[in-house]
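Using only what follows, build the 3D model:
(chains A, B, C and D)
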Number of protein chains: 2
Amino acid sequence: MAKDLTPSQLVVLGLIARNGPMTPYDLKAKVEGSVGHYWPIPHAQLYRDPPRLAELGLLREAAEDHGRRRRVFHLTDAGRRALRDWLADPATPEPETRNPALLKLTFADLGAPGQVAELAAAQAAQHRRSRDTYQELRDRLDPDAPDTPARTRLITLGIAHEQSYVTFWETLAADPDGTGTPPS
Amino acid sequence: MAKDLTPSQLVVLGLIARNGPMTPYDLKAKVEGSVGHYWPIPHAQLYRDPPRLAELGLLREAAEDHGRRRRVFHLTDAGRRALRDWLADPATPEPETRNPALLKLTFADLGAPGQVAELAAAQAAQHRRSRDTYQELRDRLDPDAPDTPARTRLITLGIAHEQSYVTFWETLAADPDGTGTPPS
DNA sequence: GACTCCATAGTCTCATTGAGATGGTTGCAG
DNA sequence: CTGCAACCATCTCAATGAGACTATGGAGTC
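Residues are numbered from 1 along each chain as shown, chains lettered A, B, ... in the order given. Reported below is the predicted structural model:
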């Protein structure tokens, strides 16, 4: 039984499975462009994980045969199996959200009055911006690309989340004390 | 200028500001019951942060005067100021969500066919459950408690988020490949 | 052919964190 | 007055996060 891999290790396996052999630097580029949006991985980690996975026999390390002879990592059969095992298990840990603004809101009553309204206004604006960005992104998707349906769904999820925040903060901005008395 | 405090340190300051002097153990109990839901803090951290904050002059350490003489931490004026400064700044880092299920979905095409549907079904069920739990929680709130409006708003936000997930995963369960051809 | 510059690529360090095992205390039941 | 259950606190160790720092090689220049 393979001992549990970390999410970043699974991302490494997954990216190599999808794109073929890669160097840590290649991985860095791929992560930034995609998964990184909802699963940030510091670049140094992408230099630490592959050698570790090679030790476990899930990757095989080779050197480029010309130029800088960078370390290229290939997927092994064991690696592909580990990836499959993970994918085959529909059980997953719960999502974890860390929202500094909500934290601030929790303690807002300890600060000066009026700050809730300010915070709420700023947050509402920020989330409106995010929402609109996602919307543009969705509109711009190439309708012929094969992964467009998948991406569209994901972006739609993002929009829904942002919209929830917008509603939340706008409500709060309109009635910061929950008294039903709007700010003057 | 106070150097930046970590979120967990600010939670400590906030909880002590609200509840009066506390021991790390007290903090642990408070965190579990409230902030912990949207900002998890491992309990050991609540033994590390207060002494650190005392070094910075933001808390003052005393010993209980009877029994076990536990370490009780009081807020200092500097501590209250640090908390106010933080609260006064409406700028906050963006929320960060880490969702292992989305990660799995990203690489689902590398596994066996049919797994997307399974994953989606499991996720939809789980988020339906969370959503319903929140709904019950909201229904049970004491209508006379002073913080009920604030809590209600927060829970409503949670419900909206869960509902977004439910919609997302249910869509996916109905049409795992995005082909418009539902599973048999 | 030698040089130098810069985008590319990789390594290192260090404080902090996360996870959880382990070690004491105290008061109360029997 | 003894033992045990609930409390309370600390420790360890690998892993992480942040970001400073170093190295490489090929394109363009003279």
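
what residues does the worst-scoring helix or strand of chain A on mean pLDDT touch?
Every helix and strand in chain A was compared by mean pLDDT, DSSP states H and E; the lowest is strand A:96-98, with a mean of 90. Outside strand A:96-98, the residues within contact range by CB atoms under 8 Å, 6 or more residues apart in numbering or on different chains are B:7, B:38-40, B:95-99. Using the backbone N, CA and C atoms, a C-beta is placed for each residue, glycine as well.

switch to 6 Å and redo it
Defining contact as CB atoms under 6 Å, 6 or more residues apart in numbering or on different chains, one finds that strand A:96-98 is touched by B:39, B:96-98.

tell me what the following helix or strand past that strand is packed against?
Proceeding N to C from strand A:96-98, the next assigned helix or strand is helix A:100-106, under DSSP states H and E. Here helix A:100-106 touches no other helix or strand, going by 3 or more CB pairs under 6 Å, 6 or more residues apart in numbering or on different chains; DSSP states H and E.

now helix A:100-106, how far from the centre of its chain.
Mean C-alpha position of helix A:100-106 versus that of the full chain (CA atoms, centre = their mean, to the nearest Å) differs by 21 Å.

Check whether it comes near DNA strand C.
No - against DNA strand C, helix A:100-106 shows no contacts by CB under 7 Å from any atom of the strand, the least distance being 13.7 Å.

buried ones in stretch A:135-150?
A:135, A:138, A:149-150 (16 or more other CB atoms under 10 Å in any protein chain shown).

again with stretch A:113-122
Across stretch A:113-122, burial judged by 16+ other CB under 10 Å covers A:115-122.

Can you tell me which of the residues you listed is nearest DNA strand C?
Closest to DNA strand C out of the buried residues of stretch A:113-122 is A:Leu119 (23.3 Å), distances taken as CB to the nearest atom of the strand.

hang on, the earlier thing: and the least confident helix or strand of chain A, which strands flank it?
Its sheet considered, strand A:96-98 pairs with strand B:96-98 (antiparallel) by DSSP bridges.

Pull the distance from the partner strand to the chain's centre.
For strand B:96-98, the distance to the chain centre is 11 Å (CA atoms, centre = their mean).

and it, which residues are buried?
Quick answer for strand B:96-98 (16+ other CB under 10 Å): B:97-98.

Spatially central residue in chain A, please.
A:Tyr38 (0.8 Å; CA atoms, centre = their mean).
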